[in-house]
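# fold the following for me, if possible:
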Amino acid sequence: MTALILVRHGESEWNREGRVQGQFDSPLTEMGVVQAKSVSRYLSGVLLKEPLRIYTSPLERASETASIIAEELQYPKEKIIIEQRLNDFNLGVIAGTYGWNKVAEMYPDLARMRLQDPLRFHPPGGECGADFEARLRSFLDDLQDDGITNLLVSHGIVNKFIRGIMRNLKGAEIIALGESQDTIYCLDHEQENEINLARENTE
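Residues are numbered from 1 along each chain as shown. Predicted coordinates:
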């Protein structure tokens, strides 16, 4: 498969409030814009004028991040591909809850399932983890293997599952993966390179 670069959207309003988002949307905060610009500056030093495709989740927090990155890379914004399969996990009734600790109080069995067996995690009114993984596998299967780098701007859980698929991880191993908004993940088959921008900027 062609190399992938995974970027999580910058901090959103609901991130700042500690709310579980799922497919509900909230705009980037000022910090989120700063994070997106930091990612874009780093990528411009690596990808500027390189063959590239940019895909984004349809949610505003991701598409705004993708637009900021595209501008820095001199990549035409009209060429950004809005990909529905990169949408965040549909969390149904628990979307909007103030934090996963609160979810654990309200739905303890469901919260344990999310951490221990995420493919069977299925919040009421939402989607099943196995279906979520299937839509991401479908997207990865459809990517052209033509040597052009694919930059995906989406969500923490999307990045975790894609990394899990690429590295052949299972269950709790997927959920244990990081999802920082200051980290870029570069994947080439089962090889992964993690670039932590907060650490890069202090070295």
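# residues in contact with the longest helix anywhere in the chain?
Across the chain, the longest stretch assigned as helix under DSSP state H is helix 30-47. By C-beta atoms under 8 Å, 6 or more residues apart in numbering, the residues outside helix 30-47 that reach it are 5, 7, 9-12, 15-16, 28, 61, 64-65, 68-69, 71-73, 149, 151, 181-182, 184, 195, 197, 200-201. In this view, the C-beta of every residue, glycine as well, is placed from N, C-alpha and C.
# what mean pLDDT does it get?
Per-residue pLDDT values across helix 30-47 average out to 94.
# not counting sequence-adjacent ones, nearest residue to the residue nearest in space to the middle of the chain?
Centroid-nearest residue in the chain: residue 155, 2.6 Å away (criterion: C-alpha atoms, centre = their mean). Spatial nearest neighbour of residue 155, excluding adjacent residues (C-beta to C-beta, 6 or more residues apart in numbering): residue 88 at 4.3 Å.
# what of residue 7?
Nearest to residue 7 is residue 153, by C-beta to C-beta, 6+ apart, at 4.9 Å.
# would you list the phi and psi of that neighbour?
Backbone torsions for residue 153, taken as degrees, to the nearest 10, come to phi -110, psi 110.
# distance check, it against residue 170.
Distance of residue 153 to residue 170, given as C-beta to C-beta, to the nearest Å: 26 Å.
# higher neighbour count, the two?
residue 153 (31 against 10; other C-beta atoms under 10 Å).
# thinking again about what came up before, SS state for the residue nearest to residue 155?
Residue 88 carries the three-state label coil when classified by DSSP: H, G, I helix; E, B strand; the rest coil.
# and for it, the neighbour number?
Neighbours of residue 88 (other C-beta under 10 Å): 23.
# swap in residue 175?
Neighbour count of residue 175, defined by other C-beta under 10 Å: 19.
# give me the low-pLDDT residue ranges for the chain?
For the chain, applying pLDDT under 70 flags the ranges 1-2, 199-203.
# what are the buried residues along the one helix or strand residue 166 maps to?
Of the helices and strands defined by DSSP states H and E, residue 166 is found in helix 156-167. Within helix 156-167, the residues that qualify as buried are 156, 157, 158, 159, 160, 161, 162, 163, 164, 166, counting by 16 or more other C-beta atoms under 10 Å.
# stretch 50-66 now?
For stretch 50-66, the neighbour count (16+ other C-beta under 10 Å) marks 52-59, 61-66 as buried.
# before we move on, the earlier item: can you select the buried ones from the contacts of helix 30-47 in ChimeraX?
To isolate the buried ones among the contacts of helix 30-47 in ChimeraX, judged by 16+ other C-beta under 10 Å, type:
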select :5,7,9,10,11,12,15,28,61,64,65,68,69,72,73,149,151,181,182,184,195,197
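# and the residue nearest to residue 155, how far from residue 132?
Distance, residue 88 to residue 132, using C-beta to C-beta: 9 Å.
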